[in-house]
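Generate coordinates for the sequence data below:
(chains A and B)
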Amino acid sequence: MLKINDLHASVNDKEILKGINLEVNAGEVHAIMGPNGSGKSTLAAVIAGKEEFEVTQGNVVLNGEDLEDCAPEERAHKGVFMSFQYPIEIPGVSVTNFMKTAINESRKARGEEDMPAKEMLKLIRDKAEMLEIDRKFLSRSLNEGFSGGEKKRNEIFQMAMLEPKLAIWTKPIPGWILMRFA
Amino acid sequence: MDETDSGLDIDALRIVANGVNKLKNKDNAVILITHYQRLLEYIVPDFVHVLHNGKIVKSGGKELAHELEEKGYDWIKQETVI
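Presented below is the predicted three-dimensional model:
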């Protein structure tokens, strides 16, 4: 699924990542931990393709394809989901409409037609039900006046709808890693 | 530890945990990138990696996170120096 090979990356000529090797296979959950300033945020940003980071050596390969020249939105279309990618408030654009647009953009990028409206509605209904998201939430303006919990609910809903191959959950919920060992 | 992080939103944590657990399956993968080893809810990782100074200096199973919770990061930093 994801293979990171000897990845070095810099910001403003300062080297932050100094040779990361990591392999993530389908069906796996990986946690990346580390003290402040260890490079965690940079690693997330480089996988997502943020442009302020320069990869100076090594590469990130998704399903056999080197992502080097892929912009963040192309990576999203290839199945990389990153939490907090769309934190913007869009008055007048509902959660539902945003999701329709996001799904159809991805389909377009893959050379597919728009999803038929009926199918889209069913998908939205099914996923909302699975995640216990109520209908009122779906018609609210994207992120406008959302609480922290509602923002996360919206992100989980995006993940459910877009069905990414690789989901990366990162800040801004500090310390949020959720593990319990029974 | 940074005290500003103590007011963390449990509601948001639960939403993410429940959602990720429902959505993960044999065909997708999840990477959780985290600050602290505070172990709050229920996403159990298969692998834990410790990043230090731009490199992965230790990898293990979920028990590694447990160890970090008990011992902090200093022992890893020291091991790395040696």
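
And the lowest-mean-pLDDT helix or strand in chain A, what's buried?
The helix or strand of chain A with the poorest confidence is strand A:90-94; it has a mean of 86 (mean pLDDT, DSSP states H and E). Neighbour counts using 16 or more other C-beta atoms under 10 Å in any protein chain shown place A:S94 of strand A:90-94 among the buried residues. Quick note: C-beta positions are derived from backbone N, CA and C, even for glycine.

Buried residues in the following helix or strand past that strand, which are they?
Per DSSP states H and E, strand A:90-94 leads on to helix A:95-109 as the next helix or strand towards the C-terminus. In terms of neighbour count (16+ other C-beta under 10 Å), helix A:95-109 has its buried residues at A:V95, A:T96, A:F98, A:M99, A:K100, A:A102, A:I103, A:S106.

One more: stretch A:31-44?
Here stretch A:31-44 shows A:A31, A:I32, A:M33, A:G34, A:P35, A:S38, A:G39, A:K40, A:S41, A:T42, A:L43, A:A44 as buried, counting by 16+ other C-beta under 10 Å.

quick check, the fifth one in a helix?
No: checked against DSSP: H, G, I helix; E, B strand; the rest coil, A:P35 lies outside a helix; its state is coil.

wait, isn't it in contact with B:W75?
No: with contact defined as C-beta atoms under 8 Å, A:P35 does not reach B:W75; the gap is 11.8 Å.

Including distance to chain B and pLDDT, could the buried residues of helix A:95-109 go into JSON lines?
What follows is the buried residues of helix A:95-109, written out as JSON lines (distance: C-beta to the nearest C-beta, whole Å; pLDDT from 0 to 100):
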{"residue": "A:V95", "distance to chain B": "14", "pLDDT": "92"}
{"residue": "A:T96", "distance to chain B": "18", "pLDDT": "94"}
{"residue": "A:F98", "distance to chain B": "17", "pLDDT": "91"}
{"residue": "A:M99", "distance to chain B": "15", "pLDDT": "92"}
{"residue": "A:K100", "distance to chain B": "19", "pLDDT": "94"}
{"residue": "A:A102", "distance to chain B": "16", "pLDDT": "89"}
{"residue": "A:I103", "distance to chain B": "16", "pLDDT": "92"}
{"residue": "A:S106", "distance to chain B": "15", "pLDDT": "88"}
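
Looking at these, spot the one nearest A:A9.
Proximity of these to A:A9 (C-beta to C-beta) peaks at A:S106, which lies at 26.4 Å.

one step back: let's have the buried residues of stretch A:31-44 in TSV, adding secondary structure, pLDDT and distance to chain B.
As requested, the buried residues of stretch A:31-44 are exported to TSV (DSSP: H, G, I helix; E, B strand; the rest coil; pLDDT from 0 to 100; distance: C-beta to the nearest C-beta, whole Å):
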residue	secondary structure	pLDDT	distance to chain B
A:A31	strand	92	4
A:I32	strand	92	5
A:M33	strand	88	6
A:G34	coil	87	4
A:P35	coil	85	5
A:S38	coil	91	4
A:G39	coil	92	4
A:K40	helix	90	5
A:S41	helix	86	7
A:T42	helix	91	8
A:L43	helix	94	7
A:A44	helix	91	5
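
Now for those residues: which two are most distant?
Across the buried residues of stretch A:31-44, the longest distance by C-beta to C-beta is 16.8 Å; it joins A:A31 and A:T42.

among the helices and strands of chain B, which has the poorest mean pLDDT?
The helix or strand of chain B with the poorest confidence is helix B:74-81; it has a mean of 75 (mean pLDDT, DSSP H and E).

if we look at that one, which residues are touching it?
For helix B:74-81, the external contacting residues (C-beta atoms under 8 Å, 6 or more residues apart in numbering or on different chains) are A:P35, B:V50, B:H52, B:N53, B:V57, B:K58, B:L68.

same check, this time on stretch A:139-158
Outside of stretch A:139-158, the residues within contact range by C-beta under 8 Å, 6+ apart are A:81, A:83-84, A:86-96, A:98-99, A:102, A:127-128, A:131, A:133, A:137, A:173, B:9, B:11-12, B:15-16, B:19-20, B:23.

Point out where the chain drops to low pLDDT.
You didn't say which chain, so I picked chain A. Within chain A, the ranges that satisfy pLDDT under 70 run A:84-87, A:171-182.

Chain B was what I was after
B:1-10, B:35-42, B:80-82.
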